[in-house]
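Student: sequence first, then the predicted structure, then my questions.
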Amino acid sequence: MTTAQPLIQARGLVKRFGDFTAVDGIDVEVRPGEAFGFLGPNGAGKSSTMRMVGCISPPSGGELRILGMDPVRDGPAIRARLGVCPQLDNLDPELTVRENLTTYARYFGIPRRVARERAAELLDFVQLTERADSKVEPLSGGMKRRLTIARALVNNPEIVLLDEPTTGLDPQARHLVWERLFRLKQQGVTLVLTTHYMDEAEQLCDRLVVMDGGRIVAEGSPRALIEQHSTREVVELRFAADSQEAFAGKLDGLGERVEVLPDRILLYVADGDAAVAEVTALGLVPASVLVRRSSLEDVFLHLTGRTLVD
Amino acid sequence: MVDVSVAGRVRPALPRVPALAVLAHYLVGYRRTWRAGVFSSFLLPVLTVVGFGFGVGAYVDQGVGGLRYLDWLVPGLIASTAMQVAIGESTWPVLSNFRWIKTYFAQSAAPLRVGDILAGHLAFVLFRAFTSTAAFLLVTALFGAVRSPWAVAVLPVVLLLSLAVAAPTFAFSAWAPSDSYLALLFRFAVIPMTLFAGVFFPVESLPSGLRQLAYATPLWHGVDLCRAATLGVAPQWSVPGHLLYLAAWAIAGWLLARRAFRRELVV
Ligand SMILES: Nc1ncnc2c1ncn2[C@@H]1O[C@H](COP(=O)(O)OP(=O)(O)OP(=O)(O)O)[C@@H](O)[C@H]1O
Ligand SMILES: [Mg+2]
């Protein structure tokens, strides 16, 4: 699989809006059948990248090849083989659920009858069959999202681009979407997605990049990223209010890294239980102790910082 | 599962005429709402014929140039109806497709070009203007206000007139920073044109400065052609002259609209 020709290949890809550089020279390769993720805080440039890959937004610099073609010259030919689920739903609220699929299918030259069959199949896939003939307007956010995903599949695409597919959904709807995306992946569809949810990235992505300020700050499989940028385990210590600072000084040198937050202290260590024993040996008595495995979220926060972007 | 049956047969290609696929989208939506509109598109001509033709006409003793006022007025109303429908359908719907519903953005992710997206929507606007004027023509013909079989020539004329006003309006609506600009368009273009471009009284009654302005409007050219057709007389201007002038508006409007659409969609 590693030898296969990449479906998406970006070198030094840049997107500028006036003087502002939203994507600042990124290198990305997505291989056939892979699920590839873009993680990053608000404004990192994820959507700008997705829109360039979707051949909607022309790159301002660098090189970009999709399915071996040039997105500016061969836009329609590439888009015929892509499925796009944009960050914000843009369904037609006046049309029915089914009509949203059948009219969109026409844009891909799919004959009317085939489009109807395909729509029925996709509505079943995203569990919207019962709402097929109701208008889109009154649907819940989760239903609209599922319909947008179904619409992205009308043309049986080779690559599906999903910009924050589950943002704003309740847990049930998120799990349904994950399960459906996983099925697509099993069928060999290449998935490219952006997300703010670390569990989503860990569940779905074979490989991902973390973007910050338009640049890629880390790249690899979720497991490799955790190994590379965090320790195996994290100990979360809570102390009685106000005494935190006093304790923090005494923990210096424990584990690989100590992070003092307003409400707790995090110890990044290889062995959590051993670290807790050391803390106790120092005569410190925390109000609560939690030992957990390091997660992608730890990596993410470490790489992109804890301060709000906006 | 998605991979069974149909999926294998879904061979994405490019639609043969992509703009037609776009037009089909609007027609599917229109199928749901046309009944509400059809009543008003027949009622409106009846009301105007009764109100203006018989009501106002009764005070216009000598008619216009020896013609009954109603007969003289009807072709003007046909042209102005086409213009109003064409512009109405090119304002809020276009703005909404950019800002609220974002239909154009959904379409630009499909294998359509900006020109297809624009042409498909314009075709729908022409369809709306055409069917409204055809209804108007039918109703007024029943009132005996259409005096010549040449009246069928009104139909291609209103298509060209609608394109001549809709295309630049598409450009304006794509550019408009907010929807309050659209109201300005009606106040400063549509209403003055309707009042002064020869629909209700001959342009020659205007003072010379205003008259030149009236001649410059696309509506006057449409009115003059429609009037010649329903009355079966020669227009005041040459026919090719009228057609070329309207075509110039249409082409300039198309180029401006395509540029405005590109600026919004290709970023
Ligand atoms: N059309 C545009 N014109 C000007 N600036 C833009 C435009 N689109 C995006 N930007 C800016 O580019 C930067 C990156 O935006 P982008 O939408 O790619 O971020 P993102 O990673 O998708 O963020 P989020 O997680 O909030 O969706 C932001 O600062 C944004 O304001
Ligand atoms: Mg985004």
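Tutor: Looks like it arrived, so ask away. Ligands and ions are numbered 1, 2, ... in the order given.

Student: indicate the residue of the stretch 201-310 of chain A located nearest to chain B.
Tutor: residue A:214 (16.2 Å; C-beta to the nearest C-beta). Yep, even glycine has a C-beta here, placed from its N, CA and C like the rest.

Student: neighbours of that residue, how many?
Tutor: Using other C-beta atoms under 10 Å in any protein chain shown, residue A:214 has 22 other residues around it.

Student: does it touch residue A:16 like I think?
Tutor: No. Contact criterion C-beta atoms under 8 Å: residue A:214 and residue A:16 do not qualify, at 9.7 Å.

Student: okay, and the common contacts of these two?
Tutor: residue A:22 (C-beta atoms under 8 Å, 6 or more residues apart in numbering or on different chains).

Student: residues in contact with the lowest-mean-pLDDT helix or strand in chain A?
Tutor: Lowest on mean pLDDT, DSSP states H and E among the helices and strands of chain A sits helix A:244-250, with a mean of 74. Residues outside helix A:244-250 that contact it (C-beta under 8 Å, 6+ apart) are A:237, A:239, A:258, A:260, A:262, A:264-265, A:282, A:284, A:286.

Student: list the helices and strands whatever helix or strand comes next after that helix packs on?
Tutor: Per DSSP states H and E, the first helix or strand lying C-terminal to helix A:244-250 is strand A:257-260. Taking 3 or more C-beta pairs under 8 Å, 6 or more residues apart in numbering or on different chains; DSSP states H and E as contact, the helices and strands that strand A:257-260 lies on are helix A:244-250, strand A:265-269.

Student: how about 10 Å then?
Tutor: strand A:233-238, helix A:244-250, strand A:265-269, helix A:296-304 (3 or more C-beta pairs under 10 Å, 6 or more residues apart in numbering or on different chains; DSSP states H and E).

Student: now that strand - C-alpha only, CSV.
Tutor: Extracted C-alpha coordinates of strand A:257-260, given in CSV (Å, rounded to 0.1, in the frame of the first residue of the first chain):
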residue,chain,number,x,y,z
ARG,A,257,7.2,16.8,31.9
VAL,A,258,5.1,18.5,34.6
GLU,A,259,2.3,20.7,33.5
VAL,A,260,0.6,23.0,36.1
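
Student: shaky segments in the chain?
Tutor: If you meant another chain, say so; for now it's chain A. Along chain A, the model assigns pLDDT under 70 to residues A:1-4, A:241, A:308-310.

Student: actually, chain B is the one I wanted.
Tutor: For chain B, the ranges with pLDDT under 70 are B:1-13, B:61.

Student: tell me how many other residues surround the residue in it that ligand 1 sits nearest to.
Tutor: Across chain B, the shortest distance to ligand 1 (C-beta to the nearest ligand atom) belongs to residue B:267, at 4.7 Å. A total of 12 residues lie near residue B:267 under the criterion other C-beta under 10 Å.

Student: didn't it look like it was pressed against residue A:59?
Tutor: No. Counting by C-beta atoms under 10 Å, residue A:59 is not a contact partner of residue B:267; they are 12.0 Å apart.

Student: residues shared between the contacts of those two?
Tutor: Common neighbours of residue B:267 and residue A:59, using C-beta atoms under 10 Å, 6 or more residues apart in numbering or on different chains, are A:15, A:48.

Student: what does the stretch 51-200 of chain B put close to chain A?
Tutor: Within the stretch 51-200 of chain B, the positions adjacent to chain A are B:97, B:100-113, B:116-117, B:120 by C-beta under 10 Å from any C-beta of the partner chain.

Student: what do you get if the cut-off is 7 Å, keeping everything else the same?
Tutor: Counting by C-beta under 7 Å from any C-beta of the partner chain, the residues of the stretch 51-200 of chain B close to chain A are B:101-103, B:105-113.

Student: buried stuff in the helix or strand harbouring residue A:180?
Tutor: Secondary structure assignment for residue A:180, by DSSP H and E: helix A:171-186. Buried residues in helix A:171-186, counted by 16 or more other C-beta atoms under 10 Å in any protein chain shown: A:173-174, A:176-178, A:180-181, A:184-185.

Student: which strands and helices lie in contact with whichever helix or strand comes after that helix?
Tutor: Toward the C-terminus, helix A:171-186 is succeeded by strand A:190-195 as the next helix or strand (DSSP H and E). Judged by 3 or more C-beta pairs under 7 Å, 6 or more residues apart in numbering or on different chains; DSSP states H and E, the packing partners of strand A:190-195 are strand A:35-39, helix A:46-53, strand A:159-163, helix A:171-186.

Student: let's see that with 10 Å instead.
Tutor: Secondary-structure packing of strand A:190-195 (3+ C-beta pairs under 10 Å, 6+ apart): strand A:20-30, strand A:35-39, helix A:46-53, strand A:82-85, strand A:159-163, helix A:171-186, helix A:198-204, strand A:207-212.

Student: and the fourth one, which strands flank it?
Tutor: Counting by DSSP bridges, the strands paired with strand A:82-85 are strand A:159-163 (parallel).

Student: check whether the partner strand comes near ligand 2.
Tutor: No. Using C-beta under 5 Å from the ion, strand A:159-163 stays clear of ligand 2, coming no nearer than 5.8 Å.

Student: check contacts around residue B:216.
Tutor: Counting by C-beta under 10 Å, 6+ apart, residue B:216 touches B:197, B:245.

Student: give me phi/psi at it?
Tutor: Residue B:216 adopts backbone torsions of phi -80, psi -20, taken as degrees, to the nearest 10.

Student: how about residue A:54?
Tutor: Backbone geometry at residue A:54, expressed as degrees, to the nearest 10, gives phi -80, psi 0.

Student: who are the contact partners of it?
Tutor: Going by C-beta under 10 Å, 6+ apart, the list of residues near residue A:54 reads A:47, A:66, A:71, A:75, A:78-79, A:82-86, A:159, A:161, A:163, A:192, B:108-109.

Student: and it, how far from residue A:160?
Tutor: Here the criterion is C-beta to C-beta, to the nearest Å. By it, residue A:54 lies 10 Å from residue A:160.

Student: next: residue B:50.
Tutor: 59 Å.

Student: same check on residue B:29?
Tutor: The value you get for residue B:29 to residue A:160, if C-beta to C-beta is used, is 26 Å.

Student: between the two, point out the one with more neighbours.
Tutor: For residue B:29 versus residue A:160, neighbours defined as other C-beta under 10 Å are more numerous around residue A:160 (22 against 17).

Student: no more questions from me, cheers.
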